[in-house]
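> Sequence and predicted structure, then a few things I'm wondering about:
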Amino acid sequence: MAWYEEAVFYHMYPLGLCGAPKENPYGEPVHRLNTLLPWINHIKKIGCNALYIGPLFESVGHGYETTDYKKLDSRLGDNKDLTEFVAACHEKGIRVILDGVFNHTGRDFFAFQDIKQNRENSPYRDWYCNVNFGGNNEYNDGFSYDNWGGYNLLAKLNQQNPAVRDYICDVIRFWVSEFDIDGIRLDAADVLDFEYMKALRNVANEVKPDFWLMGEVIHGDYTRWVNEGTLHSVTNYTLHKALYSGHNDHNYFEIAHTVKRLYEMGGNRPDGLKLYNFVDNHDVERIYTKLNNKAHFMPVHIMMYTLPGVPSIYYGSEFGIEGKKEQFSDDSLRPALNLADYADSYESNPHTRLISRLGEIRQQSHVLSYGAFTELLLLNRQYAFARTTDSDCALITVNNDDSDYVMTLPAYGRDSFVGALSGEKVSTNGGNITVNVRANSGEIWLPDGEIAVNVTEPVQSVVNAPEVSIAPPCEPIPEPATSPIVEPMPSTHGSFEEGRIAGLQEAILAIMECNGPVTEQMRQDVYNQQDHQSLLNWIKSFR
């Protein structure tokens, strides 16, 4: 089994975290990377065993306009600093993957500079896409070229050029021999040439056992990228969106719909897709900012740590910090932090305590890495699922409502369970367990005595909910007899809206089933309604 199958990632954007200048003066190295050494113990302490850090290499500004792939950004230090930093991570049992910005370079990269100087006579004129010496640009280069995202600051590499492929493959070999890294996150992988990625995968297979390639992909059929020939994993933006909007809309059907589609994409197998799960990163707003109800921080993270995939925490979010996108700037998403300012967070900050406990549970309970996924109960405000192997199981319960909720779930042959967050013990009755899921909260139920669960202090909701009544239990909802056909996920934003419509339809049917028999005509009436607001109003009418 590969190390990344049991990984819990911590994600750092070092230029921001270290407080580096926004523009690179290309001066003497300033050894800011060394200031991150204390963070290694913190990463370990909150239950992470892998680090994704980047971008790291010499660049003009934000790090993705690379100037030199073989030199640590001088705002962070020198190569010796990076070698020692990775070694310090390895000493603590933490794997390290770096950002590989291989779709484009900055304008100060040696090949681009040679084109500027030698124009048509440059041996690198074919290293970039559609270099046109009859054109021009805002820099008055006297030629034009393809870029990434409309920014001529980012010149697009010609990935079909064998010389470019060989150069980038040698960069990967250099990173492994020089820094001993364990994998690479490929920036903008959704626009990389597939033959190019196959070449990178061949090098990954060559340089180190279990060397991990993870790609930045936004939407689409993830199996196009995740397979034996290209990448091991991609960023799970589909689940990212569902996790926060499913809570903001009180619509667990959107999340369940997304999880089912992704699980089907992996062949409905626990060894299928191992996607990189996250709720925030250096490009999107902090989860604490996005949530309408801050108490949902708890169920959101319980789900991220227990649903199929590889969980990741973005630096600072374990403290519950805010971060909102600003026009023309992502600076607020990439702040400088002083770890000493959060020294008491492990005891006093409920967000940190939750993340630390979830990391511990994830590493203790391997069923969360390898177990099959089974949905047990689904309502718009309550959700339960199981992760199971032949010898182990975990039951996960979450609740986004302001009232407690009682669930009755199958016990999978166990006599009793213990809540890994609360320490509460429940016994089996008639092959089931009945549990109370607190308002805006959740729990991970593990078989009592089979896995070490040491809860010295219960981890509760990050926001104290008012005293509320307990909602009556409802039996798990069966699949409709005439379920709508779920097509493979399209590579458009429309898939989200389709998921929202389907989720609302299923929510209405679930409520109907709790209230009494549902006829085929009633089902058809629900499926015939495709207007989002009308479906929302329909749901509100039940409350």
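Ah, there it is. Remember, it's a predicted structure, so these values are computed and weren't measured experimentally.
> where along the stretch 51-200 of the chain do the helices fall?
Taking DSSP state H, counting those that start in this stretch as the criterion, the stretch 51-200 of the chain contains helices spanning 79-91, 110-118, 162-179, 194-207.
> Which residues belonging to the last one are considered buried?
Neighbour-count burial for helix 194-207 flags 196, 197, 199, 200, 201, 203, 204, 207 (criterion: 16 or more other CB atoms under 10 Å). No exception for glycine: its C-beta is placed from N, CA and C like everyone else's.
> One more: the second one?
When neighbours are counted by 16+ other CB under 10 Å, the buried residues of helix 110-118 are found to be 111, 112, 114, 115.
> Of those, just say which sits nearest to residue 224.
Proximity of these to residue 224 was ranked by CB to CB; the top entry is residue 111 with 29.1 Å.
> quick one: that closest one from residue 24, how far?
18 Å (CB to CB, to the nearest Å).
> cool, residue 403 as well?
54 Å.
> what do you get for residue 368?
Distance from residue 368 to residue 24, counting by CB to CB: 41 Å.
> Looking at these two, which one has more neighbours?
Regarding residue 368 and residue 24, a neighbour count based on other CB atoms under 10 Å identifies residue 368 as having more, with 25 against 21.
> CA atoms only for the helix or strand hosting the more buried one - export them in CSV, please.
Residue 368 is located in helix 367-370, with elements delineated by DSSP states H and E. Written as CSV, here are the backbone C-alpha positions of helix 367-370 (Å, rounded to 0.1, in the frame of the first residue of the first chain):
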residue,chain,number,x,y,z
VAL,A,367,-11.0,1.9,7.5
LEU,A,368,-11.3,5.6,6.7
SER,A,369,-8.5,5.1,4.1
TYR,A,370,-9.5,1.8,2.7
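> Show me what secondary structure element comes after that helix.
Of the helices and strands lying after helix 367-370 in sequence (DSSP H and E), the nearest is strand 372-378.
> Who are the packing partners of the helix or strand that that next one is followed by?
The C-terminal neighbour of strand 372-378 among helices and strands, as given by DSSP H and E, is strand 382-388. For strand 382-388, the packing partners by 3 or more CB pairs under 8 Å, 6 or more residues apart in numbering; DSSP states H and E come out as helix 252-265, helix 297-306, helix 367-370, strand 372-378, strand 393-399, strand 404-410.
> just so I know, which of these lies nearest residue 322?
In terms of CB to CB, the element of the helices and strands packed on strand 382-388 nearest to residue 322 is helix 297-306, at 11.7 Å.
> my read: residue 383 touches residue 256, true?
Yes - in this structure, residue 383 sits in contact with residue 256. The criterion is CB atoms under 8 Å, and the distance is 6.4 Å.
> How confident is the prediction for residue 501, by pLDDT?
Here, the pLDDT recorded for residue 501 equals 76.
> hang on, it is in a helix, isn't it?
Yes - when DSSP: H, G, I helix; E, B strand; the rest coil is applied, residue 501 is found to be in a helix.
> Give me the distance between it and residue 26.
Relative to residue 26, residue 501 is positioned 52 Å away (criterion: CB to CB).
> Compare the two (neighbour count), which wins?
Taking neighbours as other CB under 10 Å, residue 501 and residue 26 compare with residue 501 leading, 20 against 13.
> ok so, going back, dump the buried residues of helix 110-118 to JSON lines, plus distance to residue 340 and pLDDT.
Output for these, formatted as JSON lines (distance: CB to CB, whole Å; pLDDT from 0 to 100):
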{"residue": "111", "distance to residue 340": "43", "pLDDT": "98"}
{"residue": "112", "distance to residue 340": "41", "pLDDT": "98"}
{"residue": "114", "distance to residue 340": "46", "pLDDT": "98"}
{"residue": "115", "distance to residue 340": "47", "pLDDT": "98"}
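> The residues you listed into JSON lines, with extra columns for distance to residue 441?
Written out in JSON lines, the entries for the buried residues of helix 110-118 read as follows (distance: CB to CB, whole Å):
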{"residue": "111", "distance to residue 441": "54"}
{"residue": "112", "distance to residue 441": "53"}
{"residue": "114", "distance to residue 441": "59"}
{"residue": "115", "distance to residue 441": "58"}
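> Return the member of these nearest to residue 294.
Compare each of these with residue 294 using CB to CB and the shortest gap goes to residue 112, at 46.1 Å.
> got the contact list for the closest one?
The contact partners of residue 112, by CB atoms under 8 Å, 6 or more residues apart in numbering, come to 105, 106, 124, 127, 128, 155.
> Whichever of those end up buried, select them in PyMOL.
The buried residues among these can be selected in PyMOL (16+ other CB under 10 Å) with this line:
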select buried, resi 105+106+124+127+128+155
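> how about the contacts of residue 112, which pair is most distant?
Comparing all pairs in the contacts of residue 112 by CB to CB, the longest separation belongs to 106 and 124, at 14.2 Å.
> Just the pLDDT for the nearest residue to residue 161 once chain neighbours are set aside.
Nearest residue to residue 161, sequence neighbours excluded (CB to CB, 6 or more residues apart in numbering): residue 126, at 5.4 Å. In this model, residue 126 is scored at 98, pLDDT.
> Residue 328 too?
Per-residue confidence at residue 328 stands at 81 (pLDDT).
> Likewise for residue 452?
According to the model's per-residue confidence, residue 452 sits at a pLDDT of 62.
> how deep is residue 228 tucked in, by neighbour count?
8.
> Wait, a helix at it?
No - when the secondary structure is assigned by three-state DSSP, residue 228 falls in coil instead of a helix.
> Look up how far residue 199 lies from it.
Here the distance between residue 228 and residue 199 works out to 15 Å (CB to CB).
> what does residue 348 give?
Residue 348 sits at a distance of 50 Å from residue 199 (criterion: CB to CB).
> re earlier: closest to residue 290 out of the buried residues of helix 110-118?
Out of these, the one with the shortest distance to residue 290 is residue 112. That distance is 37.6 Å, counting by CB to CB.
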